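> Sharing a model prediction with you, sequence too.
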Amino acid sequence: MGLFILKRTLTLLLTLLGTSIVVFLVLEILPGNAAQMLMGPDAAPEAVAELAEQLGLNQPAWERYVHWISGLVHLDLGNSYSYGTPVIELIAERMALTLPLALMAMTITTVVALAAGIYAASRHNKLGDVSVMGMAQLGIAIPNFWFAILLILLFSVHLKWFSAGGFPGWTEASGGSPWAALKSLMLPALSLAVVQAAILARITRSSVLEVLREDFVRTARAKGLSQRAALYGHVLRNALVPVVTVMGLQFAELMAGTIVVENVFYLPGMGRLIFQAIANRDLMVVRNCVMLLAAMVVIVNFVVDLLYAWIDPRTKASDI
């Protein structure tokens, strides 16, 4: 197991290094100038050049890359060009909203999808199966932002159960409370979860059906084991490998998908931070935010690989 984890860790580090190079180069070739954006279109060229020197924008690209990577290692992400505050403080403040939102959406996705997928598989080609798959197909076709608007119209405008947008904060000092904060994230989490739950439900159904056709399941049923006991005692663990794969990818996608939903609900999370930083040409914020999201994708895949080894030891043995 130690060798398996070591190989996966080395792959993780190399992937993060390659990701950092790609993120840096892509943002480097974008048109525009941060100093010019901050000074305004009518600023004198001398003033723009002086500000660019203060921000370190006139240094060679390789020097700025090395400086950036060194800062990442020491958790020094520099200061935002437009906000004038440390980037790590901005990210920490916004992640306090975005991460719980993604976790809520992932929890809803997992509970709904696993229940629906297992129910559909256990009633293969029956009314329950057809109904669940029909709703899943409808869920896949619904765009997140459109479903978010529908939720606002129903639960905020007509029923008035939830606010249409905004975030009160987690503490009373910020004007909110844990319950008020969770309540304000419920509709955004639902709008994020609907598509992901539909996809995961279909994959869960397919995976469970595939395992149900295996010989060991037939043998267990022939020995008198009930369908329910065979399903939960023998089938589920073997069917979880592809499901866990998709869950890992979906969590990373949910983190990135908050950019649209947070703007619909006017939530001060990572999505709005990235959106505003792009508009202000604040490459320091954009670069670190994009790198953080990319790193989360890589780390989630790393965790999924470890879960593989726990769920199915054959994966670990074949990789070593």
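Nice, thanks for sending it over.
> dump the residue contacts of the residue positioned nearest the centre of the chain.
By CA atoms, centre = their mean, the chain has its centre lying nearest to M255, at 2.5 Å. By CB atoms under 8 Å, 6 or more residues apart in numbering, the contact list for M255 reads T98, L99, A102, M270, L293, M296, V297. Backbone N, C-alpha and C define where each C-beta goes, glycine included.
> Helix, strand, or coil at it?
The three-state label given to M255 by DSSP: H, G, I helix; E, B strand; the rest coil is helix.
> and it, how far is that from F265?
When distance is defined by CB to CB, to the nearest Å, M255 is 16 Å away from F265.
> follow-up on the earlier one: for ChimeraX, what selects the buried ones among the contacts of M255?
Filtering the contacts of M255 down to the buried ones (16 or more other CB atoms under 10 Å) takes a single ChimeraX command:
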select :98,102,270,293,296,297
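> any idea where the helices of the stretch 1-150 of the chain begin and end?
Applying DSSP state H, counting those that start in this stretch to the stretch 1-150 of the chain gives helices spanning 2-28, 34-39, 45-55, 61-73, 87-122, 127-141, 144-151.
> will you turn the ones you listed into a markdown table that also has mean pLDDT and distance to A201?
Below are the helices of the stretch 1-150 of the chain laid out as a markdown table (pLDDT from 0 to 100; distance: least, CB to CB, whole Å):
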| stretch | mean pLDDT | distance to A201 |
| --- | --- | --- |
| helix 2-28 | 80 | 29 |
| helix 34-39 | 61 | 45 |
| helix 45-55 | 68 | 49 |
| helix 61-73 | 81 | 38 |
| helix 87-122 | 87 | 4 |
| helix 127-141 | 86 | 5 |
| helix 144-151 | 85 | 16 |
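> I'd like to know which of the ones you listed lies nearest to A229.
In terms of CB to CB, the element of these nearest to A229 is helix 87-122, at 12.1 Å.
> The closest one - contacts with which helices or strands?
Judged by 3 or more CB pairs under 8 Å, 6 or more residues apart in numbering; DSSP states H and E, helix 87-122 is in contact with helix 127-141, helix 178-212, helix 236-264, helix 270-279, helix 283-311.
> can you give me phi and psi for the nearest residue in space to G169 that is not next to it in sequence?
Using CB to CB, 6 or more residues apart in numbering and skipping residues adjacent in sequence, the residue nearest G169 is G176, 3.6 Å away. With angles defined as degrees, to the nearest 10, G176 sits at phi -130, psi -150.
> residues contacting G176?
Listed by CB under 8 Å, 6+ apart, the contact set of G176 reads F167, P168, G169, W170.
> could you dump these to a markdown table with secondary structure and neighbour count?
Below are the contacts of G176 laid out as a markdown table (DSSP: H, G, I helix; E, B strand; the rest coil; neighbours: other CB atoms under 10 Å):
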| residue | secondary structure | neighbour count |
| --- | --- | --- |
| F167 | coil | 23 |
| P168 | coil | 16 |
| G169 | coil | 17 |
| W170 | coil | 16 |
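> Just the mean pLDDT for stretch 204-219, thanks.
Averaged across stretch 204-219, pLDDT comes to 78.
> Show me which residues of it are buried.
T204, R205, S207, V208, L209, V211, L212, V217.
> Cross-check the contact I'm expecting between the third one and A239.
Yes. Shown here, S207 and A239 form a contact pair, counting by CB atoms under 8 Å, at 4.1 Å.
> Pull the residues that contact stretch 6-21.
Here stretch 6-21 makes contact (CB under 8 Å, 6+ apart) with 65, 68-69, 72, 291, 294-295, 298-299, 302, 305-306, 319-320.
> Go through it and flag the buried ones.
Buried residues in stretch 6-21 (16+ other CB under 10 Å): R8, L12, T15, L16, T19, S20.
> hang on, the earlier thing: can I get the helices and strands packed on helix 87-122 in CSV including distance to T85?
Formatted as CSV, the helices and strands packed on helix 87-122 follow (distance: least, CB to CB, whole Å):
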stretch, distance to T85
helix 127-141, 40
helix 178-212, 23
helix 236-264, 20
helix 270-279, 12
helix 283-311, 10
